[in-house]
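K.L.:
sequence and predicted model, in that order:
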Amino acid sequence: MRTSVQEDRLLVVSDIHMGNLLHRPRKAFSQFVQFAFENRYSVCLNGDGIDIAQLSMSQLNADLSPSLPLLSRFRSVGRSVYYTVGNHDIALEHFLSDVGGMQVVPFLNVRSGDRRIRVEHGHMYDEMFLKHPWLYFQIMSIGKLAIGVSPGVYDALHRFMVGMLGMVEGVPRFFRRKVGTEELEAPPGIPGERQCFGLAAQSVGLRGFDVVTFGHTHIPGKVEFEFGTTYFNTGAWFAGPWCLAIHRGNTWFGPVADLTTDGDPFPIDGGDASGELGS
């Protein structure tokens with residue numbers, strides 16, 4: 001298993017959740033894969049690409065069919081498709097290794113130009129997932145029932161649970177501050193995202209990474225830490241997915257729709273790009 005790679009051109013997206021009844025953007029995803037292929041990018045699907053936890057087999061077949069043949073062609077033209085495993089698809093790890101030539105890894109350390117980039121789904125920094133896995137999986141089961149009712153019910157439940165988890169996780173931090181126990185100062189975070197993910201991105205960045213990108217939270221955003229690391233979260237494909245594009249260490253960050261509609265931010269025929277672009 002190779003977790004350290006060199007990539008001049010790489011697109012990172014997360015949380016596609018193919019096979020979930022709420023997943024609808026199969027045309028948008030196939031257009032994204034076509035864009036990556038035509039513009040000579042490798043691709044990293046950063047976790048929860050296939051949703052085994054809330055799976056419909058008929059939905060999965062419909063979601064995969066348009067894009068799988070093209071994904072399988074990347075290796076033949078010298079490019080790669082990486083799949084970092086998330087919490088909704090960990091049971092499919094061995095199956096995914098043989099589908100579409102995808103390289104399945106727990107995380108990815110990317111060297112691009114003179115920059116080091118860490119790509120990881122992020123669920124291993126989720127305090128509720130780590131400390132109370134039984135409760136976490138109960139919540140996912142309730143979510144599956146909510147999906148069967150309607151997308152609106154699921155969205156409302158998801159927002160409620162994110163808020164509740166944030167409150168629960170904040171209590172011990174508040175207590176530690178009150179009794180004078182030493183604690184790291186919380187870094188600035190992506191609005192709406194629980195504090196544990198900003199702290200994790202900060203910790204990973206301090207290990208020598210210029211860029212850290214997670215998925216998992218379904219909340220797209222960008223944070224620049226004072227010590228120089230930039231943290232991206234590419235959100236989810238339920239609505240308005242975002243993408244991190246990398247070209248020789250330079251980055252563009254924005255909605256997938258902007259990428260496929262407006263064109264390549266790093267056109268190969270336009271010479272070497274420089275600097276930070278996008279949102």
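P.N.:
Sure, I can see it.

K.L.:
which parts of the stretch 101-250 of the chain are strands?
P.N.:
For the stretch 101-250 of the chain, the strands defined by DSSP state E, counting those that start in this stretch occupy 103-105, 108-112, 115-119, 211-214, 221-224, 230-233, 242-247, 250-255.

K.L.:
who are the packing partners of the fourth one?
P.N.:
Packing contacts for strand 211-214, counted by 3 or more Cβ pairs under 8 Å, 6 or more residues apart in numbering; DSSP states H and E, involve strand 115-119, helix 195-205, strand 230-233, strand 242-247. No exception for glycine: its C-beta is placed from N, CA and C like everyone else's.

K.L.:
hmm, 10 Å instead?
P.N.:
Packed against strand 211-214 by the contact rule (3 or more Cβ pairs under 10 Å, 6 or more residues apart in numbering; DSSP states H and E) you find strand 9-13, strand 42-46, strand 108-112, strand 115-119, helix 195-205, strand 230-233, strand 242-247, strand 250-255.

K.L.:
now the ones you listed in CSV, with mean neighbour count, mean pLDDT and distance to residue 1?
P.N.:
Converted to CSV, the helices and strands packed on strand 211-214 look like this (neighbours: other Cβ atoms under 10 Å; pLDDT from 0 to 100; distance: least, Cβ to Cβ, whole Å):
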stretch, mean neighbour count, mean pLDDT, distance to residue 1
strand 9-13, 24, 98, 18
strand 42-46, 27, 96, 15
strand 108-112, 20, 97, 11
strand 115-119, 22, 98, 15
helix 195-205, 21, 93, 19
strand 230-233, 26, 98, 24
strand 242-247, 26, 98, 21
strand 250-255, 21, 97, 26
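
K.L.:
out of these, which is closest to residue 52?
P.N.:
strand 42-46 (14.1 Å; Cβ to Cβ).

K.L.:
the closest one to strand 242-247, inter-axis angle?
P.N.:
140 degrees (axes from the mean of the first three to the mean of the last three Cα atoms, to 10 degrees).

K.L.:
which helices and strands sit right next to strand 42-46?
P.N.:
With contacts taken as 3+ Cβ pairs under 10 Å, 6+ apart, strand 42-46 sits against strand 9-13, helix 26-38, strand 81-84, strand 103-105, strand 108-112, strand 115-119, strand 211-214, strand 242-247.

K.L.:
ok, now with 6 Å
P.N.:
strand 9-13, strand 81-84 (3 or more Cβ pairs under 6 Å, 6 or more residues apart in numbering; DSSP states H and E).

K.L.:
what residue ranges in the stretch 51-200 of the chain score low on pLDDT?
P.N.:
Across the stretch 51-200 of the chain, the ranges flagged by pLDDT under 70 are 53-55, 91-100, 129-187.

K.L.:
which residues of it fall in helices?
P.N.:
For the stretch 51-200 of the chain, the helices defined by DSSP state H, counting those that start in this stretch occupy 57-64, 68-71, 93-96, 127-131, 133-149, 151-179, 195-205.

K.L.:
I'd like to know how far residue 68 sits from residue 196.
P.N.:
Separation of residue 68 from residue 196 (Cβ to Cβ, to the nearest Å): 34 Å.

K.L.:
what's near enough to touch residue 210?
P.N.:
When contacts are counted by Cβ atoms under 6 Å, 6 or more residues apart in numbering, residue 210 touches 115, 116.
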